[in-house]
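Novice: no sequence for this one, just the structure:
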């Protein structure tokens, strides 16, 4: 029996002007979880598409069960038992769960009609094997992201899956949902299924993977047993240099009060929320998903309306009716979903940056293109946005660089208060370090930063104080010197109701 179920040797893929994969290799054992890590642009996505038959390699070979194979298209890859679950799920929301599971390999009678009873029964059996009680007749569009991922795994199992590729599987999941997915992945491994795990989150890799391979700049860097490599070493392999201070938080003298919330309430979402934010301070806001974190900042910024309470800006009461009004007052809001809420993806980098402050570049009613472009170039250089020019579209950028464009947009509007909702979600390690450094630099310049995050290491290492929300209220505020993962988690856990 061959040592490896899958071997990919000397794989090269060239697009016009770009070598997306340069002589990379990867191997996978039976019943193994093998993580593939690297910054955005390292070649991970192209690698997936070569393995699943979406792209044909320009060099190299794929060996499965000791035999050379050619993945002419995704149907051939599926025939070999290779399935992929992508970060952005491509489900059919108006069809049932069972219809999604058996799409493309329907259970048909001789007359080519669907055997619905058998279809629903087998779909239910597949879901139950994954520990799920999702109804096979439920509409896919009514399910959560975590439930849709389960359906995608069930679909792969229905096609005799042997190799499952999981692309950023926890990016859109809560901590509880992530824990459930970990158990499912480990259960699949116990059944002999091999998993290729692609994730920016070290927690995913350390919790699940047996081995880890790193790509950098489209090249193979190395493969290690997970127990033999540290997070700091992996960061160095991925970015090509040592990041001495991954969390570069420095002590900054706290200045005057910039933002104060008193007794904020929105019925059904949060109640009696009060806190202060000072110049030079990074205030962390955390808690379990559903605790009301995002809802609080959306109400402060005018996305939604408060039912009670008062917001004060530099000591003065303010009523903010829209995010545009908030920006005019000096409060910038970076939403969690940067693509849908923070950017106009078809527009250029430069125009995205200057759009909220476009009036500053008008002269006698006409747009001064020279001034506007100078502003775009200034922030492209300042935040080290990786692009050919400010004329590149926002859609063409990696997640980390898109995040920098949204931050640039807010800084261009001369904000004093910056509210960041999950600022490093889906961002690679190099870009994370740059975002952390930028946050510290802005705090040093006297800005107040309110950071909402689900990542406890990020919250604990980057915040001066941590406000923990539980069931719509702030349960406690913890200074950084006293913060541990245990006490932050404990402060956010729901209170058990007495019988």
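Specialist: Sure, I can see it. All values derive from a computational prediction rather than experimental measurement. Residues are numbered from 1 along each chain as shown.

Novice: low-scoring stretches of this protein, by residue?
Specialist: 1, 242-245, 339, 496-499 (pLDDT under 70).

Novice: And the spatially most central residue of it, how close does it get to residue 324?
Specialist: Per CA atoms, centre = their mean, the C-alpha nearest to the average position across the chain is that of residue 426, at 2.6 Å. Counting by CB to CB, to the nearest Å, the gap from residue 426 to residue 324 is 26 Å. Heads up, the C-betas are built off the backbone N, CA and C, glycines and all.

Novice: Shouldn't the residue nearest to the centre of the chain be within a strand?
Specialist: No - per DSSP: H, G, I helix; E, B strand; the rest coil, residue 426 lies outside any strand segment and is coil.

Novice: so what's the residue lying closest to it once chain neighbours are set aside up against?
Specialist: Distance criterion CB to CB, 6 or more residues apart in numbering; nearest residue to residue 426, sequence neighbours excluded, is residue 399 at 4.6 Å. Counting by CB atoms under 8 Å, 6 or more residues apart in numbering, residue 399 touches 40, 338, 426-428, 431.

Novice: What separation is there between residue 119 and residue 218?
Specialist: Counting by CB to CB - residue 119 and residue 218 are separated by 43 Å.

Novice: Pick out whichever of the two has more residues nearby.
Specialist: Set side by side, residue 119 and residue 218 show more neighbours around residue 218, with 22 against 19, by other CB atoms under 10 Å.

Novice: How about the backbone phi and psi for the residue nearest to residue 426?
Specialist: Phi and psi for residue 399, reported as degrees, to the nearest 10, are phi -60, psi -40.

Novice: and what of residue 209?
Specialist: Torsion angles, degrees, to the nearest 10, at residue 209: phi -80, psi 150.

Novice: Just list the residues touching it, thanks.
Specialist: 33-35, 197, 226.

Novice: mind checking how far it is from residue 340?
Specialist: From residue 209 across to residue 340, the span is 31 Å (CB to CB).

Novice: Kindly report the same for residue 334.
Specialist: Residue 334 is 13 Å from residue 340, by CB to CB.

Novice: do the same with residue 366
Specialist: For residue 366, the distance to residue 340 equals 32 Å [CB to CB].

Novice: Out of the contacts of residue 209, name the two that are farthest from one another.
Specialist: Farthest-apart pair in the contacts of residue 209 is 197 and 226; separation 10.7 Å (CB to CB).

Novice: Need the overlap of contacts for these two.
Specialist: Common contacts of residue 197 and residue 226 (CB under 8 Å, 6+ apart): 35, 205, 209.

Novice: would CSV of these with distance to residue 474 be doable?
Specialist: Output for these, formatted as CSV (distance: CB to CB, whole Å):
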residue, distance to residue 474
35, 36
205, 32
209, 36
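
Novice: Verify the stated contact: residue 66 with residue 2.
Specialist: Yes - checked against CB atoms under 8 Å, the pair residue 66 and residue 2 is within contact range at 4.0 Å.

Novice: Can you report phi and psi for the residue lying closest to residue 53 once chain neighbours are set aside?
Specialist: Excluding its sequence neighbours, the residue lying closest to residue 53 (CB to CB, 6+ apart) is residue 71, at 3.6 Å. The phi/psi pair for residue 71 (degrees, to the nearest 10) reads phi -90, psi 90.

Novice: for residue 290, same thing?
Specialist: Torsion angles, degrees, to the nearest 10, at residue 290: phi 100, psi 0.

Novice: Tell me how many other residues crowd residue 69.
Specialist: Residue 69: 16 surrounding residues under other CB under 10 Å.

Novice: ok but residue 306 is inside a strand, no?
Specialist: No - applying three-state DSSP, one finds residue 306 to be coil, outside a strand.

Novice: Enumerate every residue touching it.
Specialist: When contacts are counted by CB under 8 Å, 6+ apart, residue 306 touches 264-266, 299.

Novice: Quick check: the gap between it and residue 297.
Specialist: Plainly put, residue 306 is 12 Å away from residue 297 if you go by CB to CB.

Novice: need the helices for the stretch 351-499 of the chain, in chain order.
Specialist: With helices called from DSSP state H, counting those that start in this stretch, the stretch 351-499 of the chain shows them at 369-382, 399-412, 429-444, 456-462, 485-492.

Novice: domains for this structure, by residue range?
Specialist: Residue ranges for the domains of the chain, per automatic domain parsing: 6-239, 257-492.

Novice: Nearest approach to residue 249 belongs to which of these?
Specialist: Of all the domains of the chain, domain 257-492 sits nearest to residue 249, with 5.3 Å by CB to CB.

Novice: And that closest one, end to end?
Specialist: Distance between the two ends of domain 257-492: 26 Å, counting by CA to CA, to the nearest Å.

Novice: so who does residue 394 touch?
Specialist: So residue 394 contacts 343-349, 352, 402, 405 (CB under 8 Å, 6+ apart).

Novice: Most neighbours among the residues you listed, which one?
Specialist: residue 349 (29 neighbours).

Novice: Contact partners for that one?
Specialist: 376, 380, 385, 387, 389-394, 397, 405.

Novice: give me that answer again for 7 Å
Specialist: Contacts for residue 349 (CB atoms under 7 Å, 6 or more residues apart in numbering) come out as 376, 380, 385, 387, 390, 392, 394, 405.

Novice: are any of those residues buried, and which?
Specialist: For the contacts of residue 349, a burial check counting by 16 or more other CB atoms under 10 Å picks out 376, 380, 385, 387, 390, 392, 394, 405.

Novice: what about stretch 203-218, distance to the chain center?
Specialist: Stretch 203-218 has its C-alpha centroid displaced from the chain centroid by 16 Å (CA atoms, centre = their mean, to the nearest Å).

Novice: mind listing what's buried in that stretch?
Specialist: Buried, per 16+ other CB under 10 Å, within stretch 203-218: 203-216, 218.

Novice: which two in those residues are spaced the farthest apart?
Specialist: Using CB to CB, those span at most 27.6 Å, a distance reached by 207 and 218.

Novice: in the stretch 201-350 of the chain, which spans are strands?
Specialist: 211-216, 219-225, 257-266, 270-278, 282-287, 308-313, 316-318, 331-334 (DSSP state E, counting those that start in this stretch).
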